[in-house]
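A.B. asks: Curious how this folds, go ahead:
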Amino acid sequence: MATLLIAEHDNASIKDATNKALTAAAALGGDVDVLVAGEGAKGAAEAAAKLKGVRKVLLADNAAYAHDLAEPLAALIVSLAGPYDAIVAPATTRYKNTLPRVAALLDVAQISEIIKVVSPDTFERPIYAGNAIQTVKSKDAKKVITVRTSTFGATGDGGSASVDNAAAAADPALSSFVGEEVAKSDRPELTSAKIIVSGGRAMQSRENFTKYIEPLADKLGAGVGASRAAVDAGYAPNDWQVGQTGKVVAPELYIAIGISGAIQHLAGMKDSKVIVAINKDEDAPIFQVADYGLVADLYQAVPELTAAV
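C.D. replies: Numbering: from 1, shown residues only. All right, here's what the predicted structure looks like:
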């Protein structure tokens, strides 16, 4: 069995989601090749070649793949899919957009956000916001799979794969790049952060996120998250959202401040190793999944916690 893993990267380096998706790809058995598609992505390809268990790296270095447009990337993956039994990618925003197009072009069913490889054709995946686990057996000869990376460990270095150039596929010209606004931060990305401090609707304003959440996160070297309610209210940007409709995370420590614990939020963070909840409502659902809970006014408790760190 041969598997093509699609790398999540920033052209210069491989992102943690790729290392974790590689663990899932390796569990399928057989050889694993990695596709790095981008512009000026040689650095990322060389980093992928060092990952343990990679047979070879395919580098598609072309301006068509510079801005994460789904259509040209899907066309590229399909053009390379011939010798592979499985196409695997992390369930990040980029590949939630791209892999369904790949599955449609290959006329197969996508298997989304797997959390366990039972066998090369059988997988487990969460449904109903993570309240049930579905076991799926695929009869498709070629499988298209996205991986919920929060449930897999990261594969480390130790490989010495070759890097081969892959020809660009014909661009379907169904979309074009107009512009982008990229949020930049010195804090770790949510999906790879070991500690996350999240705020909810109880923060009441964007200024309170800045005043209470961010200083604690910076002291802990943590990423900053938010509930959907806080994002919808404009207290936090979209890329901070944790939950079923945001990012799924599983850090070593998750601190939920002023978050009630709606099902869709719990689906995005309940696999965290240690969960700490601060909420003045002692009946808040978040306390049902918390390892440590503090019933207190966050505007008093959080500054005290920050000062004590």
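
A.B. asks: burial measure for the nearest residue to Ser272 once chain neighbours are set aside, as a count.
C.D. replies: Computed as CB to CB, 6 or more residues apart in numbering, the closest residue to Ser272 that is not its neighbour in sequence is Tyr254, at 3.7 Å. From N, CA and C alone the C-beta is placed, and that goes for glycine too. Using other CB atoms under 10 Å, the number of residues around Tyr254 comes to 30.

A.B. asks: Then Tyr254 would be within a helix, right?
C.D. replies: No: secondary structure assignment (DSSP: H, G, I helix; E, B strand; the rest coil) places Tyr254 in strand, not in a helix.

A.B. asks: ok, so what distance separates it from Ile275?
C.D. replies: 5 Å (CB to CB, to the nearest Å).

A.B. asks: Identify the contacts common to the two.
C.D. replies: Residues within reach of Tyr254 and of Ile275 at once, by CB atoms under 8 Å, 6 or more residues apart in numbering, are Met269.

A.B. asks: Show me the residue at the heart of this structure, geometrically.
C.D. replies: Most central in the chain under CA atoms, centre = their mean is Thr92, positioned 4.3 Å from the mean C-alpha point.

A.B. asks: quick one: contacts of stretch 65-84?
C.D. replies: 2-4, 6, 33, 35, 37-39, 41, 58, 60, 64, 87, 94, 97-99, 101-102, 105-106, 142, 166-177, 180.

A.B. asks: all helices for the stretch 1-150 of the chain, in order.
C.D. replies: Counting by DSSP state H, counting those that start in this stretch, one finds helices in the stretch 1-150 of the chain at the ranges 16-27, 42-49, 70-80, 93-106.

A.B. asks: swap in the stretch 201-309 of the chain?
C.D. replies: Ranges of helices within the stretch 201-309 of the chain are 206-208, 214-220, 228-232, 263-269, 286-289, 298-308, based on DSSP H, counting those that start in this stretch.

A.B. asks: which one of these lies closest to Ser112?
C.D. replies: Checking the helices of the stretch 201-309 of the chain against Ser112 by CB to CB gives helix 263-269 as the closest, at 13.8 Å.

A.B. asks: Residues in contact with that closest one: which ones?
C.D. replies: By CB under 8 Å, 6+ apart, the list of residues contacting helix 263-269 from outside reads 126, 129-131, 196, 198, 200, 225, 227-228, 242-250, 254, 256, 259, 275, 285-286, 289.

A.B. asks: Which of the residues you listed fall in strands?
C.D. replies: With strands taken from DSSP state E, the overlap with the contacts of helix 263-269 comprises 126, 196, 198, 225, 254, 256, 275.

A.B. asks: Kindly check the end-to-end length of stretch 293-300 for me.
C.D. replies: Using CA to CA, to the nearest Å, the end-to-end distance of stretch 293-300 comes to 15 Å.

A.B. asks: Distance from the chain centre to it, please.
C.D. replies: Relative to its chain's centre, stretch 293-300 lies at 30 Å (CA atoms, centre = their mean, to the nearest Å).

A.B. asks: same thing with stretch 8-21?
C.D. replies: On CA atoms, centre = their mean, the centre of stretch 8-21 falls 10 Å from the chain's centre.

A.B. asks: which intervals of this structure have sub-threshold pLDDT?
C.D. replies: Applying pLDDT under 70 to the chain flags residues 182-183.

A.B. asks: domain ranges for it?
C.D. replies: The record, using the TED database to delimit domains, assigns the chain the ranges 1-163, 193-306.

A.B. asks: For those domains, give me TSV that also has distance to Arg187.
C.D. replies: Shown next, in TSV, are these (distance: least, CB to CB, whole Å):
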stretch	distance to Arg187
domain 1-163	14
domain 193-306	5
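
A.B. asks: hmm, back to that, and the helices of the stretch 201-309 of the chain: which comes nearest Thr151?
C.D. replies: Among the helices of the stretch 201-309 of the chain, helix 263-269 comes nearest to Thr151, with 12.5 Å by CB to CB.
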